[in-house]
Structures are given as C-alpha cells and as structure tokens.
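**Q** okay, predicted coordinates and the sequence, questions at the end:
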Amino acid sequence: MNTISKSLLSDIIKLRQKKYRDLQQRYIISGLNAVQTALQADDCRVHSLLVQQGRQELLRVLNIKKEKPVYQLSENDFRKISEENSPQGIAVVLERPLNLIEDFHTHKGSVLYLENINDPGNLGTIIRSALWFGSDSILLSPGSVDPYQPKVVRASAGLVTHTKLYENVTSAELSKLKLERGFQIAGTVVLDGQPVEKYKVSDSVPLVLAFGSEAHGLSEEIQEICDHKITITKKGTGESLNLGISAALCLFSLNQVK
C-alpha cells in the first residue's frame, strides 16, 4: 500500500468538479457497496483504490482478484475526496469511458434517450431501473447532466460502470438510428399518447424509449422523430410524475406486454 502524494491527492480532489473530470477523463466512486458494485463490471477500468487509515479491512471485503494501485489517506484527506455524509473510508478512481454514438452497435433491452435531463438523482435512479429491466444503454442529449458527477454516481449505487452512456446525442443522430439502423422511437408524453400498458414492443425491432425533462417534456423536435407517443395512464390527481418513476413504470410495462 502506498501513501498518497500531494499532487495525486490534489488531482483526485479536483474530480469533484466537471472541468477536471473532463480534463483527466476520470471520476470517483466512494462507499463500500457502491465500490463493490462498480468493480463487478466487466469493462471497469481502475486507476487507483483509496482507503482511509485504519480501514484496511475494507480491501479484504472487496476481494480484488487483480493487482490494483492502492493509496492510503488520512481521515481528513479522505473527507476531501468523498461526498458521503459519513465516509466509509473506501473509494475507487475510475477511467471515464469514451462511448461514441458512431460506435453504438449492440444493446440489451430498450435503449433510453434522455433529453435535457438535469437532475442527477433522477439520472442515477434511471440507470438503476434500466439495468434492472435489462436495458444497458442510455443516450443523453446535449445539455444533460454529467453522468459521472458524484450525485449521479451515488444515486446509481455504483451501477454507472455497468451502463453504456452516450453523451451529447443530437436529434440528428437519433434520426440516423431510426432511418439507417431501423430503430423504432417511442416518446413519452403526459397526455394524449397511447397507454403504455397497451403499447406492444416487437422483439425483432430495436426500440429507443425517449423521455424529456420534468419541466418541459420532450421537445417538438424530438416528438417529430417519434414513431409512437406513449402515456402513463393517470387515474388520480397530479400534474406529472417524477421522471425516475416514469422511466421505471414504462420499463416495467414494456417488459410485461408481449
């Protein structure tokens, strides 16, 4: 185990800011359960493991099979790199993957397209829900929240490493998936769409399920691309559903209808 240098510690602390995550192409996950989950991903690329002094037993719990660089931090320094309210004393620095929409060839389950999603908690929740229902690819429009910021990573419970995240996917690129790759696009709308419980998905046709922000919904530009519009049936009161809940309900429903 190595004692962390001042320069490396400084670089890791800076990962709390987007510009440095972009510059270093790295991000951080902290907390035992989240780190365990993250490291289980097949293509997880570890830069280094960080452990607080006196918490070395957590490394044994992780049961890491491959040799990884491990650095020891004081309690004070660990608090500087973690956004946990009560840090557990274990974290991992990961290389940020570069997923290009041009290289998007395979997927499992429905592909989600999120337009102008800006709530990190919602994105983290959607990542968890998508993976639960067998969807491992998420497309993010320009202007969406950074999927590797600490609040998203924490809300995803470390599952961000199990998801193919494609950032800055424009409406033109979404159209290409439809026109050149045969994807069907279903957009979610609050009113006047086909009830999602009646929307049938063909196993032979790849599907993009599109969601807009809670504040504005899907833009007209994206709605024009959609082959179908679907709505979660309302039987009570309320203006709209939380975006994370809407995504989970749609994914659940699409997995039931055959």
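**A** Arrived safely. Numbers count the residues shown, from 1 in each chain.

**Q** kindly export stretch 82-95 (C-alpha atoms) in CSV.
**A** Coordinates of each C-alpha in stretch 82-95 appear next as CSV, following Å, rounded to 0.1, in the frame of the first residue of the first chain:
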residue,chain,number,x,y,z
SER,A,82,-15.7,11.9,-0.7
GLU,A,83,-19.1,13.5,-0.9
GLU,A,84,-20.6,11.0,1.6
ASN,A,85,-22.0,12.5,4.7
SER,A,86,-20.3,9.8,6.8
PRO,A,87,-17.5,8.4,4.6
GLN,A,88,-16.9,4.7,5.0
GLY,A,89,-13.2,5.0,4.1
ILE,A,90,-13.1,3.3,0.7
ALA,A,91,-13.2,4.7,-2.8
VAL,A,92,-12.1,4.0,-6.3
VAL,A,93,-10.9,6.3,-9.1
LEU,A,94,-12.0,5.1,-12.5
GLU,A,95,-11.1,5.9,-16.1
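
**Q** just the mean pLDDT for that stretch, thanks.
**A** Stretch 82-95 carries an average pLDDT of 91.

**Q** now it, how far from the chain's geometric center?
**A** 18 Å (CA atoms, centre = their mean, to the nearest Å).

**Q** how many residues are close by Glu44?
**A** Check again: residue 44 is Cys, not Glu. By other CB atoms under 10 Å, the residues close to Cys44 number 17. In short, each C-beta sits where N, CA and C put it, glycine included.

**Q** name the nearest residue to it, sequence neighbours excluded.
**A** For Cys44, ignoring the flanking residues on the chain, the nearest one in space by CB to CB, 6 or more residues apart in numbering is Thr161 at 4.7 Å.

**Q** what about stretch 159-175, how long is it end to end?
**A** 28 Å (CA to CA, to the nearest Å).

**Q** flag every buried residue along that stretch.
**A** The neighbour-count check on stretch 159-175 (16 or more other CB atoms under 10 Å) flags 159-167, 169, 171, 173-175 as buried.

**Q** reformat these as a markdown table; add secondary structure.
**A** Listed next are those as a markdown table, based on DSSP: H, G, I helix; E, B strand; the rest coil:
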| residue | secondary structure |
| --- | --- |
| Leu159 | helix |
| Val160 | helix |
| Thr161 | helix |
| His162 | helix |
| Thr163 | coil |
| Lys164 | strand |
| Leu165 | strand |
| Tyr166 | strand |
| Glu167 | coil |
| Val169 | coil |
| Ser171 | helix |
| Glu173 | helix |
| Leu174 | helix |
| Ser175 | helix |
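
**Q** what's the closest of those to Val208?
**A** Closest to Val208 out of these is Leu174 (6.9 Å), distances taken as CB to CB.

**Q** by contact count, what packs against the helix or strand containing Gly121?
**A** Assessed by DSSP states H and E, Gly121 sits inside helix 120-132. Packed against helix 120-132, as judged by 3 or more CB pairs under 8 Å, 6 or more residues apart in numbering; DSSP states H and E, are the following elements: strand 111-114, strand 137-140, helix 150-155, helix 243-256.

**Q** I'd like to know how far the nearest residue to Thr37 once chain neighbours are set aside sits from Ser253.
**A** Leaving aside its chain neighbours, Thr37 sits nearest to Gly158 (3.5 Å; criterion: CB to CB, 6+ apart). Relative to Ser253, Gly158 is positioned 27 Å away (CB to CB, to the nearest Å).

**Q** same check, this time on Ile13
**A** In terms of CB to CB, Ile13 sits 43 Å off from Ser253.

**Q** looking at those two, which has the bigger crowd around it?
**A** Ser253 (19 against 14).

**Q** which residues touch the residue nearest to that one when sequence neighbours are not counted?
**A** Nearest residue to Ser253, sequence neighbours excluded (CB to CB, 6+ apart): Val196, at 4.7 Å. Shown in contact with Val196 (CB atoms under 8 Å, 6 or more residues apart in numbering): 188, 230-233, 249-250, 253-254.
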